[in-house]
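Visitor: fold the following.
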Amino acid sequence: MKWFVNSGNNISTPDGNNIEIWVLDYALDDVILSSWAKHFRTHYCLDEEIDFLREGYGYSRADYLNKIKFPDISISPGPSIRSGDFSEILVSDYLEYILGYWVPRTRYGSKVVRNESSKGCDTLAFKIVNPKKDTPEDTLAIFEAKAQFSISQKKANPRLQDAINDSIKDEIRRAESLNAIKQHLFDKKSFEESKRINRFQNPVDRPFKEISGAAALFSSHLFDSDLISQSSVEHHPNHKNLKLIVIHGENMMALVHELYRRAADEA
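Guide: Alright, predicted model coming up:
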């Protein structure tokens, strides 16, 4: 997380909303990248589960991960799914380790088709001030993330606007996404964590604060501050509690592929 650098060069939308600009200033450090790759791998499959799950195929650990769990490195839409999954995980890390939310990591382990995006809200994060009683400051944050990492593309797409537009749908998807997290935690016998979700399933009787979020992630050569500044939140139902962030870094797709490679080879 030391590689996460707030640029300090915030941008405002035409509606007056602030957009934070972060730089992922990473280095090719074997120790850190290997640790990150393990963290990355556990989103898809816990290390203690791999041998049981691969047994019937006769695959090595790396082959099982590459052929069954991880999006494909080259066959479409595998690369775009990779960049999308990576971006959602990175935003989850931002929410957990920088903003201090609890972020259950349940979205990728239950994927049935590796080259498809998981359904529902991208990232849900939670803050419970006092586990023994409800408080108005208990917070549910729902973030949508969109990425553009392609080396071949020379012109930026309006990915922040895409994330804002997709965030509008989260009001409808929230209940199903909360249930999916609760059920996954229950299936993993994480009963106490599963019960925490109860706090956010009935906003009428048990009101809480809800933060919406839209994140756009770019390779630095596609970072376009002028295009980003044109993003509008006018039609977002939670625009008063909408957090906007942009993250960019050099050669992001190469970093994505390197993390997947390490995650498989070092399993």
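Visitor: quick one: low-confidence parts of the stretch 101-250 of the chain?
Guide: Across the stretch 101-250 of the chain, not a single residue meets the criterion (pLDDT under 70).
Visitor: now the strands for it?
Guide: Ranges of strands in the stretch 101-250 of the chain, per DSSP state E, counting those that start in this stretch, are 123-127, 139-148, 209-219, 242-249.
Visitor: roughly how far is the longest one from the heart of the chain?
Guide: In other words, strand 209-219. 9 Å (CA atoms, centre = their mean, to the nearest Å).
Visitor: do the same with the last one
Guide: Here the centre of strand 242-249 is set off from its chain's centre by 12 Å, with CA atoms, centre = their mean.
Visitor: which residues are contacting that strand?
Guide: If you take CB atoms under 8 Å, 6 or more residues apart in numbering as the criterion, strand 242-249 is touched by 11, 13, 17-26, 90-91, 94, 141, 143, 160, 164, 167, 211-220, 222-223, 228, 231, 233, 236, 255. Backbone N, C-alpha and C define where each C-beta goes, glycine included.
Visitor: please, a ChimeraX command that selects the buried ones among the residues you listed?
Guide: Command for ChimeraX that selects the buried part of the contacts of strand 242-249, burial taken from 16 or more other CB atoms under 10 Å:
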select :11,13,17,19,20,21,22,23,24,26,90,91,94,141,143,160,164,167,211,212,213,214,215,216,217,218,219,222,223,228,231,233,236,255
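Visitor: would you mark the buried spots in the longest helix along the chain?
Guide: For the chain, the helix with the greatest residue count under DSSP state H is helix 170-187. In terms of neighbour count (16+ other CB under 10 Å), helix 170-187 has its buried residues at Asp170, Arg173, Arg174, Ser177, Leu178, Ala180, Ile181, Lys182, His184, Leu185.
Visitor: neighbouring contacts of that helix?
Guide: With CB under 8 Å, 6+ apart as the test, helix 170-187 has contacts from 104, 106, 109-110, 120-121, 124, 142, 144, 191, 193-194, 197-198, 200-201, 212, 237-238.
Visitor: could you do stretch 44-59 as well?
Guide: Applying CB under 8 Å, 6+ apart, the contact partners of stretch 44-59 are 38, 41, 60-61, 63-65, 67-70, 108-109, 111, 263, 267.
Visitor: can we see that at 7 Å?
Guide: Contact partners of stretch 44-59, identified using CB atoms under 7 Å, 6 or more residues apart in numbering, comprise Arg61, Tyr64, Leu65, Lys67, Lys69, Phe70, Tyr108, Gly109, Ala267.
Visitor: how about TSV for those, with secondary structure added?
Guide: As requested, those are exported to TSV (DSSP: H, G, I helix; E, B strand; the rest coil):
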residue	secondary structure
Arg61	helix
Tyr64	helix
Leu65	helix
Lys67	helix
Lys69	helix
Phe70	coil
Tyr108	coil
Gly109	coil
Ala267	coil
